[in-house]
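Visitor: Got a predicted structure here, sequence first:
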Amino acid sequence: MTDAPKRQARGLERRRRILDATLRVIGRDGIGAVTHRSVADEADVPFASVGYYFASKEDLLREALTTFVDDEVARLREVADRLEGGELAPQELVESFVAVLAGVQSRAQFEIYLEAARVPALHEVAARSFAAYEEIARLALRSAGFEGEDIEVLAPAIVGLTDGLAVRRLAAPGSVPRNALRDAFLVMLRALGPGVAARR
């Protein structure tokens with residue numbers, strides 16, 4: 001590898017370290033704690049490096065959320081492939097679905113969502129995040145036997161339920177039973193899933 005590709009690779013690695021550090025700062029201390037200095041310290045990079053890659057805090061937050069979303073889309077795509085790959089019993093379907101939704105749900109994620117409500121430049125990236133979760137919800141619902149408009153109505157509601165329980169769990173630890181999300185999905189599938197009864 002010549003010097004130029006090596007420098008490029010190091011630059012990409014440093015940029016990613018800065019973005020990961022930004023998410024850690026947000027998750028630990030909130031968005032108000034994000035400054036070029038705090039992120040540089042967290043990433044263990046020179047202070048000037050943060051300004052070199054990100055001119056403003058808004059740029060830093062937008063790119064951090066984009067990185068989070070890109071990682072989540074890739075992770076959700078793997079789960080989608082499994083859901084599309086074969087017939088799962090309702091219990092297996094719910095366990096897989098809940099596991100992927102519960103796999104992130106960090107304070108940083110919700111802090112950035114709230115910031116997006118205040119900063120229009122973050123709207124598009126936040127929308128991509130919600131869309132990725134809704135797509136995996138659609139696939140799970142389709143696998144469970146739901147069809148057409150029911151899927152379009154229920155997918156965002158499921159994501160909202162998931163996020164709401166996660167926020168409550170973060171804000172009031174112990175107030176949400178460990179299996180609350182899984183149990184809610186099982187009740188919903190038994191009550192509403194047209195294909196569930198036939199597969200039990």
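Guide: Happy to help now that I have it.

Visitor: which residue sits closest to the residue positioned nearest the centre of the chain in space, ignoring its chain neighbours?
Guide: Central residue of the chain (Cα atoms, centre = their mean): Glu72, 5.3 Å from the mean position. Sequence neighbours aside, Ala132 is the residue nearest to Glu72 in space, at 5.7 Å (criterion: Cβ to Cβ, 6 or more residues apart in numbering). Backbone N, C-alpha and C define where each C-beta goes, glycine included.

Visitor: One more: Val73?
Guide: Ala132 (4.8 Å).

Visitor: unless I'm mixing things up, the residue nearest to the centre of the chain is touching Arg128, no?
Guide: No - using Cβ atoms under 8 Å, Glu72 is not in contact with Arg128; the gap is 9.3 Å.

Visitor: Next, please give the residue ranges for the helices of this structure.
Guide: Using DSSP state H, the helices of the chain run over 3-29, 36-43, 47-53, 57-84, 90-101, 107-118, 123-143, 148-171, 180-192, 196-199.

Visitor: Let's have those helices in a markdown table, adding mean pLDDT.
Guide: Listed next are those as a markdown table, based on pLDDT from 0 to 100:
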| stretch | mean pLDDT |
| --- | --- |
| helix 3-29 | 89 |
| helix 36-43 | 96 |
| helix 47-53 | 94 |
| helix 57-84 | 80 |
| helix 90-101 | 69 |
| helix 107-118 | 85 |
| helix 123-143 | 84 |
| helix 148-171 | 87 |
| helix 180-192 | 78 |
| helix 196-199 | 43 |
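
Visitor: Tell me who's in contact with Leu161.
Guide: Residues near Leu161 by Cβ atoms under 8 Å, 6 or more residues apart in numbering: 181, 184.

Visitor: how far away is it from Phe146?
Guide: From Leu161 over to Phe146 the distance is 15 Å, taken as Cβ to Cβ, to the nearest Å.

Visitor: The closest residue to Leu154 other than its chain neighbours - how many residues pack around it?
Guide: Nearest residue to Leu154, sequence neighbours excluded (Cβ to Cβ, 6+ apart): Leu141, at 5.8 Å. Using other Cβ atoms under 10 Å, Leu141 has 25 other residues around it.

Visitor: According to the record, where do the domains of this structure fall?
Guide: Partitioning the chain according to automatic domain parsing yields domains covering residues 1-55, 57-199.

Visitor: ok now the longest one, how far from the chain's centre?
Guide: Computed by Cα atoms, centre = their mean, to the nearest Å, the separation of domain 57-199 from the middle of its chain amounts to 8 Å.
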